[in-house]
Structure formats: C-alpha cells, structure tokens
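K.L.:
Fold the following.
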Amino acid sequence: MKTLRTILAAAALVAYATADACTNFIITGGASTDGSVMVSYAADSHALYGALYHNPGGKHYKGSILPVYEWDTGRYLTDIPQVEESYTTVGNMNEHSLIIGETTFGGREELADSTGRMDYGSLIYITLQRAKTAREAIATIVELANTYGYASSGESFSIADPNEAWIMELIGKGCKLDAEGKNIRKGIVWVARRIPDGYVSAHANQARITQIPFDDPENCLYAPDVVDFAREMGYFEGDDADFSFADAYCPADFGTVRGCDARVWAFFRTVADGMEAYEDYAMGYNLKNRMPLWVKPRTKVSPKVVFDCMRDHYEGTPMDMTKDLGAGGHNCPYRWRPMTFEVDGVEYLNERATATQQTGFWFVAQARPNVPADMGILWFGVDDAATSCLTPIFCATQEIPECFREGNGSMLEYSPTSAFWLFNRVTNFAYMRYDMIAADIRKVTDAWENGLLAQMAEIDARAAGYDSQSARRRYLTRMSVDTAQKLFSRWSKLDKYLLIKYMDGNVKSEHGDVLAYLDSDAPMARHFVENGNGRQIPDKIQFPGYNEKWKRAVAADNGEILKVQK
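P.N.:
Reported below is the predicted structural model:
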C-alpha cells in the first residue's frame, strides 16, 4: 500500500518534467448556453513555458518525413512518414475545430514501454494535424501508438469536435522482448466513452472510466484486448460485464482521489445539483462512493462559467485553501511544494486545486456547430488561471501574437515582450497580498472576458460577410493577433498600477478603482489621491494589516514577547 507521501511525491517529480498535473472540463453542445462543445485544459508543470504552438498545414511531398520529439523534454524519439496533407493547428485545436486536451494518470508502473517512440504530447499534436473529427482522432491515436509504441504513462484525453465530445483513456502494455529484441507488447490498451449530449464531464490525473458497454459502438470504443490483457497481468478476474478500466489499470486511493478527483468534484458541484453526496469521496474518505463519469448541469453552462471554474481553489468547501492558517495573513490559496509535510511524525497534505501556480498555459476551446469549422475559438491564457486572463484565438489564425510566440523567452530567459513573463510578474506580486491584489486583477479579467464574449456575435457577423475563406481567415487572424497584443498592453499597464498602489505593505487611496484607471488616458499620478501641494505626494495612505486568523496565530505563538505593556 503506497503512502500518501509516496504517491504525491512521485506525482510532483513527474510534474517537474511534464505537464501531467493537469485539469480538463468537458461541456457538450446540449449543455452549453451557445450550443458549442467546450474543452478546458490547464497545462500544469514547474518546467513548462507558456507559449501558443502553431503548425501550418498543407500538402507534403511523397516520402516526406516528420521527426517526433517528446513534448515534455524535447528528446528526439523517431521519424515517421508524413501524410499527404496535414491540417493547420493552433495550440490544442485545429482548423476543423477538433480539440484535444489531456491529463496524466500514470497508472501501473510496469506498463511503461522503454521502446515506445510516440509520447502523449506527440499523439495530441500529430493527431490534430491528421484528423478532422473526434472519432477520426481516436482512430489516429490508436494507430500511432500501436504502430510506433507508446512512450508515456497512463493518459486521459478530452477529444471534441463541433458535434460530440469523448473521454479516451489509455495506457501502455509494458515491455516484453522477443529473441530479436522487439517488444511483443508494443501498443496500448484503451477505452473511449462518448459523453451524452446535455451532460458535462471532467478528468484530473486519475483514470475515470469504469464499466465498458461493449455492445454500444456508437457511444463506446475500446481495444479488443482491453479485458484479456488485464486478466493476463492479474489485474482482473470475473465477467466482462464487471470489468472496470480505471480499477484495473489505475486503482484509486486516498492520494489520487484527494489530489486529483477532488478537482473534478469541485467543477461538478459548481454546475450541477446533488454533488454534496460525493463530498466524502472527493476528500478521499469514502472511495466506494465514486462520482459518476458525467453529470447533467442544473442550467446550461456559459463559456464564462467554464473560464471561472478553472480558477477554483475549493472555495466554499471543507478544502477551501483561503481559510486555514496556511493561507497566511492575506488568504492566499496556494501552497508551495512539496505536496506533503510532517509534524511530530504525523503526515499532512497541501491541497491541489484546479488553479495552481505552476500552470504554463491554459485554455477553454469552443467548437461551434453553427459557424464554419475554422471559426472555432481557442480562448488562450498563460500562467495561473486565477490571476490571468483569456483572449480569443480563432482556429483559422495564420499568425501567432508576438506575446505568445514560441521562442519569445523561455523558462530560463526573461523576455519583456512575453505574456508568460508579464503575467508571472503580476501574479507573483499578487501572492504577497492575495486578498487585495487578486481582487483588483479579477475586476480587470472579468471586464476583459465579458466584453469580448459580448462582441462575439458582431465578430461572427463580420466574418460571415467575407466572400472567400481566405479573406475570412485573414480577418480572424488579424482580430486574434491584435486582441492578444491589446491584452498584453493592458496587463503591462496593470503591472505598474499594482506596484504603485500596493508597494511596501500599504495601499494608496485612489479616485475610482482599477478599471477607472485602465480605461483612462490620464497619467497614473492623477488617479491616486495626493496631498494637494502639487508635488505628487500621496495622501490618505491605508495600512490594512493582516486577517484575524493570522493575528491570533501570531499572538498564540509569540504573544508573551509581543504583548503591549500597559
């Protein structure tokens, strides 16, 4: 039986090199306010640089070769034949509004294949270049993994197009070499379930597909040996009808539920009724009380609700990260790694919420059924979702904004024109006094996102007015790039505003709030209250101090020394 420390420490070590500590929410068209199919994704890794990937599609010469590099490490894996025609991709979406997200569940360690040459990241981005629909994507993933061998651990994929959404889970079959040194177990076992229209689903680093309806090919696809291989390995005994993919290939325990499935529960409870019944499961106390794979929302879910669900820190639950003493004097909902700590021989955990400090990039993608397929939208952002902002990138875009461009900075090289570094500057400042600074950031985020969502009908109408696809794509490219750069400029202004307002632990009084300043062309000095002598000296400076829990904790810890003598 693994200890929580072993489980979470292993997850943290893997996460250092990969984007495996991720979160996906999936909303079917019948469950969304605008009929779009939505997939959200946060690529969470302490080593991942937040950039927007772009691969132009087109025709390829016969005999062309596509080199494959491991997404997480950049390690060269193999060369594979290029297809005759590939599709343009932007981030985790292609020009046909196919969307693929992922979370790593790891699973059985002995099923890793050291000879595999197709990692999970390559499966995503190569598949986006080769498939138009979700069903085509599933077939492509299977073909690539079985042909070249799977080079990663267990994965859950969100796969969606304008008409349907699927969860696919897969894992390798280990390595067993024959006399010629070839792996006779090359490939994957897998299952894919179509989410019923009108429902939402989610996954977060724990396998979630249990029973498999073997006689429903319209809604369930699977590897022919998915059960037989589990029997061969000793993971399962019994009738096929009782087989559970998750229980066979990634058994749940306290650590995987509390650190992973709890994020799914947090999303479900926000959009659906009755989820309090699964609180004991989410906290890891009752593993038999398993959550359903999908739930029906109480009302249709808007894009903005999905944006904000990605900003969750378990607020309003027993796991609320803003409430305990670990949040410090300013209710900061973050806990620095490692994920466990020990006091007097007792082991404790740090919660792992959906919004987290190590996010490289995140998105909410919309595949929209009532517009041309190349008008799908990748709402894209970098760094911690709770203190960053999404901007729309149309999947038809032919150019990447400079602020999101690959090569514009890295994890080891600061760039003043990089959105990743700008958002990290602002966010890391916010962590110091989260209750105040994050509230200002959220005002700016909400105004930006709500404003653009309100403009979408007008943008769609304008795009529809172009008489050719190429003209429409030029317009959507310009709109995507210019809007992203406008967000960068707005955040640059916000960065300076926050520093002046909150430096040195005090708060400067102002005329209006942050939006009043950002929407004005007036110099910053006029926005803040000054003493009236014309020297730009601030007046009415506030000293808000710390929250009550922090004050009581300090008094209990060192009150005899700090107590004021009367």
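K.L.:
which phi and psi does A42 have?
P.N.:
phi -120, psi 120 (degrees, to the nearest 10).
K.L.:
So for it, what's the pLDDT?
P.N.:
At A42, the pLDDT value in this model is 98.
K.L.:
count of residues packed around it?
P.N.:
Using other CB atoms under 10 Å, A42 is surrounded by 28 other residues. C-beta coordinates here come from the backbone N, C-alpha and C atoms, glycine included.
K.L.:
partner residues bridging it?
P.N.:
Legend: beta-bridge partners of A42 under DSSP bridges are T23, W362.
K.L.:
Okay, now the unreliable bits of the stretch 251-400 of the chain?
P.N.:
Residues of the stretch 251-400 of the chain meeting the criterion pLDDT under 70: none.
K.L.:
all helices for it, in order.
P.N.:
For the stretch 251-400 of the chain, applying DSSP state H, counting those that start in this stretch gives helices covering 254-256, 262-271, 279-282, 303-309.
K.L.:
Show me what the third one is packed up against.
P.N.:
What that stands for is helix 279-282. helix 262-271 (3 or more CB pairs under 8 Å, 6 or more residues apart in numbering; DSSP states H and E).
K.L.:
I'd like the helices of the stretch 251-400 of the chain as a markdown table, with mean neighbour count appended.
P.N.:
Converted to a markdown table, the helices of the stretch 251-400 of the chain look like this (neighbours: other CB atoms under 10 Å):
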| stretch | mean neighbour count |
| --- | --- |
| helix 254-256 | 22 |
| helix 262-271 | 24 |
| helix 279-282 | 19 |
| helix 303-309 | 22 |
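K.L.:
Would you format these as JSON lines with distance to K132 included?
P.N.:
Below are the helices of the stretch 251-400 of the chain laid out as JSON lines (distance: least, CB to CB, whole Å):
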{"stretch": "helix 254-256", "distance to K132": "34"}
{"stretch": "helix 262-271", "distance to K132": "28"}
{"stretch": "helix 279-282", "distance to K132": "37"}
{"stretch": "helix 303-309", "distance to K132": "23"}
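K.L.:
list the contacts for the closest residue to D513 other than its chain neighbours?
P.N.:
Nearest residue to D513 in three dimensions, chain neighbours excluded: K443, at 6.6 Å (CB to CB, 6 or more residues apart in numbering). Taking CB atoms under 8 Å, 6 or more residues apart in numbering, we find K443 in contact with 513-515.
K.L.:
Could you export the residues you listed as JSON lines, including neighbour count?
P.N.:
Compiled in JSON lines, the contacts of K443 are given as follows (neighbours: other CB under 10 Å):
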{"residue": "D513", "neighbour count": "13"}
{"residue": "V514", "neighbour count": "21"}
{"residue": "L515", "neighbour count": "14"}
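K.L.:
So which of those sit within helices?
P.N.:
Applying DSSP state H to the contacts of K443, the entries found in helices are 514-515.
K.L.:
which of the contacts of K443 lies closest to T78?
P.N.:
V514 (50.5 Å; CB to CB).
K.L.:
still on that earlier bit, what helix or strand is the residue nearest to D513 on?
P.N.:
helix 434-464 (DSSP states H and E).
K.L.:
Would you mind listing the buried residues in the helix or strand following that helix?
P.N.:
Heading C-terminal from helix 434-464, the first helix or strand you meet, by DSSP H and E, is helix 469-502. By 16 or more other CB atoms under 10 Å, the buried positions in helix 469-502 come out as 472-477, 479-481, 483-485, 487-488, 490-492, 494, 497-498, 501-502.
K.L.:
returning to that earlier point: quick check: buried residues in the helix holding K443?
P.N.:
In helix 434-464, counting by 16+ other CB under 10 Å, buried: 434-438, 440-442, 444-445, 447-449, 452-453, 456, 459-460, 463.
K.L.:
Quickly note the distance from N370 to N163.
P.N.:
11 Å (CB to CB, to the nearest Å).
K.L.:
which one of these two has more residues nearby?
P.N.:
Using other CB under 10 Å as the criterion, N370 and N163 rank with N163 on top: 15 against 11.
K.L.:
That one touches P369, doesn't it?
P.N.:
Yes - using CB atoms under 8 Å, N163 makes contact with P369 at a distance of 6.3 Å.
K.L.:
Mind listing the shared neighbours of these two?
P.N.:
29, 37.
K.L.:
Contact partners for the residue lying closest to L170 once chain neighbours are set aside?
P.N.:
The shortest distance from L170 to any non-neighbouring residue, by CB to CB, 6+ apart, is to W190 (3.7 Å). Counting by CB under 8 Å, 6+ apart, W190 touches 142, 168-171, 222-223, 226.
K.L.:
between those, which is nearest T28?
P.N.:
M168 (15.4 Å).
K.L.:
element containing the closest one, please.
P.N.:
strand 165-172.
K.L.:
next helix or strand past that strand?
P.N.:
Toward the C-terminus from strand 165-172 - assigned by DSSP H and E - lies strand 188-194.
K.L.:
ranges for the strands of the stretch 51-200 of the chain?
P.N.:
54-55, 58-59, 65-69, 76-81, 85-86, 89-90, 93-94, 99-106, 154-160, 165-172, 188-194, 200-203 (DSSP state E, counting those that start in this stretch).
K.L.:
List the neighbouring strands of the second one plus their orientation.
P.N.:
According to DSSP bridges, the neighbouring strands of strand 58-59, each with its direction, are strand 85-86 (antiparallel).
K.L.:
starting at the chain centroid, how far to the strand it pairs with?
P.N.:
Relative to the chain's own centre, strand 85-86 is displaced by 28 Å; criterion: CA atoms, centre = their mean, to the nearest Å.
K.L.:
what's that strand in contact with?
P.N.:
By CB under 8 Å, 6+ apart, the list of residues contacting strand 85-86 reads 55, 57-60, 129-130.
K.L.:
List buried residues within those.
P.N.:
Looks like the contacts of strand 85-86 have 57, 129-130 buried, using 16+ other CB under 10 Å.
K.L.:
I'd like to know which of these is nearest to E342.
P.N.:
When the buried ones among the contacts of strand 85-86 are compared against E342 (criterion: CB to CB), the nearest one is Q129, at 47.2 Å.
K.L.:
Apart from its chain neighbours, what residue comes closest to the closest one?
P.N.:
In space, Q129 is closest to S86, 4.1 Å off (CB to CB, 6+ apart).
K.L.:
can you check G407 too?
P.N.:
Nearest to G407 is A51, by CB to CB, 6+ apart, at 7.9 Å.
K.L.:
And for that neighbour, the neighbour number?
P.N.:
For A51, using other CB under 10 Å, the count is 22.
K.L.:
What separation is there between it and E402?
P.N.:
In this view, A51 and E402 are 11 Å apart by CB to CB.
K.L.:
so what's in contact with those two at the same time?
P.N.:
N408.
K.L.:
show me where pLDDT drops low in the stretch 1-150 of the chain?
P.N.:
Within the stretch 1-150 of the chain, the ranges that satisfy pLDDT under 70 run 1-20.
K.L.:
residue ranges of the helices in it, please?
P.N.:
Under DSSP H, counting those that start in this stretch, the stretch 1-150 of the chain gives helices at 4-17, 120-130, 134-148.
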